[in-house]
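Participant: sharing a model that was predicted from the sequence below.
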Amino acid sequence: SQTIHQWPATLVQPVGSPLSLECTVEGTSNPNLYWYRQAAGRGLQLLFYSVGIGQISSEVPQNLSASRPQDRQFILSSKKLLLSDSGFYLCAWSVGVTYEQYFGPGTRLTVT
Amino acid sequence: SQQGEEDPQALSIQEGENATMNCSYKTSINNLQWYRQNSGRGLVHLILIRSNEREKHSGRLRVTLDTSKKSSSLLITASRAADTASYFCSYGQNFVFGPGTRLSVLP
């Protein structure tokens, strides 16, 4: 069966520090991968998606970047965090663009 | 913006009652999906309805889709306290999510 992992679960970082969040998927090959951010009590905002290794599409201009160094690994990064980067970050995968998504447990990031 | 809307934003009902949530969207779709999110957790896929379907059932869940009105509804029958969560609809090639409905089921 397929499993998606995200870590860390929570993170508190000072403004200006770097960020690296990792997401890995097990049990499937060539998944579509997604990074979302969710503000408190709000919906999800799609940040990045990837249909293959090295292929990243960005949905909104921001202080973040994403990379996919391996088929089932998706990394969200920032060189210098802003206060506005605080939120709940969710990684997800899907078989294709018109199929259901499967979400990881999320990382709660607080930038202080 | 492609973002749709769910309504109501929040819903509070008693255990055993039915809960209905609505989703409106703005683009043409191949399918529409509903997800549940318990507080502080990831989203869980509930049901997918294709654009050529009008109604779909899964256990206590019933989803309808009206493509002429660009709207969908999620009905949870005989609600339980464990149904307390936020519910989101999602659609479109880039998985647009609405802002969600926060459902509280009171024991």
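Facilitator: Ah, there it is.
Participant: any low-confidence regions in chain A?
Facilitator: Counting by pLDDT under 70, chain A has low-confidence residues at A:61, A:97-98.
Participant: what residues does it have near chain B?
Facilitator: Residues of chain A found near chain B, taking C-beta under 8 Å from any C-beta of the partner chain as the criterion, are A:34, A:36, A:41-44, A:46, A:49, A:59, A:88, A:90, A:92, A:94, A:97-106, A:108. (C-beta placed from N, C-alpha, C; glycine too.)
Participant: for the chain, which segments count as strands?
Facilitator: Since no chain was named, I'll use chain A. Remark: strands assigned in chain A by DSSP state E are A:3-7, A:10-13, A:19-26, A:32-38, A:44-52, A:55-58, A:65-70, A:73-78, A:87-94, A:101-103, A:107-111.
Participant: oops, I was thinking of chain B
Facilitator: In order along the chain, chain B carries the following strands (DSSP E): B:5-7, B:10-14, B:19-24, B:31-37, B:43-50, B:55-58, B:61-66, B:71-76, B:85-91, B:96-97, B:101-106.
Participant: strand partners (parallel or antiparallel) of the fifth one?
Facilitator: Strand pairing for strand B:43-50, using DSSP bridges, gives strand B:31-37 (antiparallel).
Participant: ok, now the first one?
Facilitator: Each strand pairing with strand B:5-7, determined using DSSP bridges, is listed with its direction: strand B:19-24 (antiparallel).
Participant: so which bits of the partner strand are buried?
Facilitator: Buried residues in strand B:19-24, counted by 16 or more other C-beta atoms under 10 Å in any protein chain shown: B:19-23.
Participant: got the angle for that strand vs strand B:71-76?
Facilitator: For strand B:19-24 against strand B:71-76, the angle between stretch directions is 160 degrees (axes from the mean of the first three to the mean of the last three C-alpha atoms, to 10 degrees).
Participant: now strand B:19-24 - C-alpha only, PDB.
Facilitator: Included here for strand B:19-24 are C-alpha records, laid out as PDB according to Å, rounded to 0.1, in the frame of the first residue of the first chain:
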ATOM      1  CA  ALA B  19     -25.500  17.800   7.500                       C
ATOM      2  CA  THR B  20     -25.500  19.400   4.100                       C
ATOM      3  CA  MET B  21     -22.600  21.300   2.700                       C
ATOM      4  CA  ASN B  22     -22.500  23.000  -0.700                       C
ATOM      5  CA  CYS B  23     -19.700  23.800  -3.100                       C
ATOM      6  CA  SER B  24     -19.700  26.200  -6.100                       C
END
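Participant: make TSV from the strands of chain B and add distance to residue A:75 to it.
Facilitator: Conversion of the strands of chain B to TSV gives the following (distance: least, C-beta to C-beta, whole Å):
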stretch	distance to residue A:75
strand B:5-7	31
strand B:10-14	35
strand B:19-24	32
strand B:31-37	23
strand B:43-50	21
strand B:55-58	34
strand B:61-66	35
strand B:71-76	34
strand B:85-91	24
strand B:96-97	22
strand B:101-106	31
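Participant: residues in contact with the most centrally placed residue in chain A?
Facilitator: By C-alpha atoms, centre = their mean, chain A has its centre lying nearest to residue A:35, at 3.1 Å. In this structure, residue A:35 makes contact with A:23, A:46-49, A:66, A:74, A:76, A:89-91, judged by C-beta atoms under 8 Å, 6 or more residues apart in numbering or on different chains.
Participant: perfect, that will be all.
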